[in-house]
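# Got a sequence here, can you build the structure:
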Amino acid sequence: MINIYTDGACKGNPGPGGWGALIIEGDTKNEICGGEADTTNNRMEILAVIMALKTINARSGITIFTDSTYVQKGISEWIGKWKTNGWRTSNNKDVKNKDLWVQLDSLTSQVTISWMWVKGHSGHPENDRADYLANKGVDMEGSSL
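Residues are numbered from 1 along each chain as shown. Now for the predicted structure:
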């Protein structure tokens, strides 16, 4: 079993942003983070999941915890319709962050994942750590750890 806690942060929206993930496999914890100079919070939320999935080798037994309903609903509810509609929303607008959604779709098609939403800033220790890492990533702008 692998539990992944992800978060994104942005100072201004758009503005400098960061992403972070806490990856827990058994007794092993791995922390990763990075940032971009000019981005949005939603991009950082998606990128946190992408980077975490690129870090692990597992194909099943993965649970991803996110405080972003945009990520959780996007990947588990909306993405099928977006793809069917040629990456257009129900309002016939281009899907925002399509480049990242395409990457995430590709990564998730290769693994079995349970998606869990957690309330942000609610004292959940692992989610709070992912938030810390995302904010640390804001200062890294363009690098990753």
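# mind listing the helices in the protein by residue range?
41-55, 69-73, 79-84, 98-108, 125-138 (DSSP state H).
# Would you reformat those helices as a markdown table and include distance to residue 17 and mean pLDDT?
In short, each C-beta sits where N, CA and C put it, glycine included. Formatted as a markdown table, the helices of the chain follow (distance: least, CB to CB, whole Å; pLDDT from 0 to 100):
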| stretch | distance to residue 17 | mean pLDDT |
| --- | --- | --- |
| helix 41-55 | 4 | 97 |
| helix 69-73 | 14 | 96 |
| helix 79-84 | 22 | 96 |
| helix 98-108 | 12 | 97 |
| helix 125-138 | 6 | 96 |
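# got a markdown table for these, with mean neighbour count too?
Converted to a markdown table, the helices of the chain look like this (neighbours: other CB atoms under 10 Å):
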| stretch | mean neighbour count |
| --- | --- |
| helix 41-55 | 22 |
| helix 69-73 | 17 |
| helix 79-84 | 14 |
| helix 98-108 | 16 |
| helix 125-138 | 21 |
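# Compare these and give me the one nearest residue 29.
helix 125-138 (8.9 Å; CB to CB).
# Run through the neighbouring helices and strands of that closest one.
With contacts defined as 3 or more CB pairs under 8 Å, 6 or more residues apart in numbering; DSSP states H and E, the packing partners of helix 125-138 are strand 2-10, strand 15-25, strand 28-39, helix 41-55, strand 62-66.
# re the thing from before, reformat the helices of the chain into CSV and put distance to residue 35 next to each item.
Putting the helices of the chain into CSV (distance: least, CB to CB, whole Å) gives the following:
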stretch, distance to residue 35
helix 41-55, 8
helix 69-73, 18
helix 79-84, 25
helix 98-108, 15
helix 125-138, 4
